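Q: Sequence and predicted structure, then a few things I'm wondering about:
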Amino acid sequence: MQTRLSNRTQLIQEAAMATMGNLSRKLKAQGADIVTLSLGEPDFNTPDFIKQAAHNAIDQNFSHYSPLPGFADLRQAIAHKLQRDNNLIYKPEQIIVSTGAKQSIMNALFALLNDGDEVLLPAPYWASYYDMILLAGGIPRVINTTIEDGFKITEKHLETSISDKTKLLIFNSPNNPSGAFYSKDEVKQIAAFLKNHPSIFILSDDVYEFFVYKNEKPLSMAKFPELFERTILINGISKSFAMTGWRLGYMAAHQDIARACDIIQGQITSGANSITQRAALVAIEKEPQDIPEIAYMRNEFRKRRDFVFSYLQKLPKIKTILPEGAFYIFPDISGFFGKKFQNQTINNSFDFAILLLNEAHVSTTPGVAFGVDNCLRLSYANSLPELEKAMNRLSAFVEKLT
Ligand SMILES: Cc1ncc(COP(=O)(O)O)c(C=O)c1O
């Protein structure tokens, strides 16, 4: 049979991550002891009080479809959370609960983009944004940043990247994959630029909000009155409460955008999983400082970050900066391009990651997946002993390059 897939399908590709994942599974099946530094999720369990709420929901027969935009009490709790933690005032009607932050983002892109609309996408970027923009008919306008920029954009980057087709900026702080975190002043500068460009919407992806390692809270773009109505705030429970597999995220936006997203997901997935929504309710209702598991995860991640950072700093030809948030570090490994492992030449981040996996049994994600081919993403969502093993293997691997 001749498969005639849609043009839209041909726009997107299997992620480099999937290729790495398949190779890693194959090596594991052959008995290799692979250290995994490629996970995009906390390696911790969901806190017990949240699990208990899900048990209760099953017992109470929350087995029916939920309202399309989510249970009313959950939307109310999210509105309360946004006021309590982020000092933002939303009505529950402005909040749409979805099957993961991923769906919230896709809904927003479908709701906002017309064919040919440009989306400003600072690189390094979370890999899915790029393909999601294409799926929604948009054009990703990648804004390159460097390790010297701290992998952060400024209003100067924006100035040279906008056009009359620019519809949206995707802003993600703390950032996956670089761990970059925008300080209040940096956010203010970007906001000042955006205030002068009233046709640009902002999608602010705050899923790593709880994982900031300096004593500063993230400042949301939605906090600026001139930007409030143009900002689509995205958050979820995957990272904050170690609940990636439960699949729940949400958006808060202008009522018209929220309503459009409600209609879109009503035709695709309906409301999010009802059991998960009951569990999310207890998680979100509680003050984060009253959930010791959050502080525990943050402290563990901080220790691991410090360990990996100081180890990487000692390795030759690797440039790295201290990530201030999330649970990734994004070293520049381009100093090894042109070098060989036995007779295989490393020309790019993909070659480096494949060789590191095949020869040293360390699984990472090549920077090319995030739009920066000079780098490698290491996730430190793994135990300190495993991280130490990975760093020793990485060090031995780079020593063998000639
Ligand atoms: C920046 C960013 N946004 C969104 C998501 C998706 O989160 P969810 O599991 O809620 O769909 C991820 C997951 O890796 C992410 O890194």
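A: Looks like it came in fine. Numbers count the residues shown, from 1 in each chain.
Q: What's the end-to-end length of stretch 210-221?
A: 17 Å (CA to CA, to the nearest Å).
Q: What residues of that stretch count as buried?
A: 210-213, 218-221 (16 or more other CB atoms under 10 Å). Backbone N, C-alpha and C define where each C-beta goes, glycine included.
Q: Ramachandran coordinates for residue 144?
A: In terms of degrees, to the nearest 10, the main-chain angles of residue 144 are phi -80, psi 140.
Q: right, and it touches residue 123 too?
A: Yes. Proximity of residue 144 to residue 123 meets the contact threshold set by CB atoms under 8 Å, at 5.4 Å.
Q: Which neighbours do these two have in common?
A: Contact criterion CB atoms under 8 Å, 6 or more residues apart in numbering; residues shared by residue 144 and residue 123: 371-372.
Q: Settle it for me: which of those two has more neighbours?
A: The neighbour comparison of residue 144 against residue 123 (other CB atoms under 10 Å) goes to residue 123, with 21 against 14.
Q: May I have the phi/psi pair for the nearest residue to that one once chain neighbours are set aside?
A: Distance criterion CB to CB, 6 or more residues apart in numbering; nearest residue to residue 123, sequence neighbours excluded, is residue 371 at 3.5 Å. Dihedral pair for residue 371: phi 80, psi 10, per degrees, to the nearest 10.
Q: Tell me how far residue 371 lies from residue 328.
A: Between residue 371 and residue 328 the computed distance is 14 Å (CB to CB, to the nearest Å).
Q: between these two, which one's more packed in?
A: Neighbour totals were compared for residue 371 and residue 328, and residue 328 leads with 30 against 22 (other CB under 10 Å).
Q: Contacts only, for that one.
A: Here residue 328 is in contact with 176-179, 377-380 (CB under 8 Å, 6+ apart).
Q: got it, and residue 203?
A: 105, 108-109, 168-171, 231-232, 234.
Q: Please determine whether the helix or strand hosting it lies in contact with the ligand.
A: Following DSSP states H and E, one finds residue 203 within strand 201-205. Yes. For strand 201-205 and the ligand, the contact criterion (CB under 6 Å from any ligand atom) is met by residue 205.
Q: what are the pairing partners of that strand, and which direction each?
A: Taking DSSP bridges as the criterion, strand 201-205 forms sheet pairs with strand 166-172 (parallel), strand 231-236 (parallel).
Q: which residues touch the helix or strand just after that strand?
A: Note on strand 201-205: by DSSP H and E, the next helix or strand toward the C-terminus is helix 225-228. Here helix 225-228 makes contact (CB under 8 Å, 6+ apart) with 88, 191, 194-195, 198, 202, 221-222.
Q: ok, those vs residue 387, which is closest?
A: Residue 387 has its nearest neighbour among the contacts of helix 225-228 in residue 221, at 33.4 Å by CB to CB.
Q: Kindly state the pLDDT recorded for the closest one?
A: For residue 221, the pLDDT comes out at 95.
Q: What segments of the chain are helices?
A: Secondary structure of the chain, counting by DSSP state H: helices at 7-11, 16-29, 48-59, 72-86, 101-112, 127-135, 155-161, 184-195, 225-228, 255-268, 274-285, 292-314, 349-360, 384-399.
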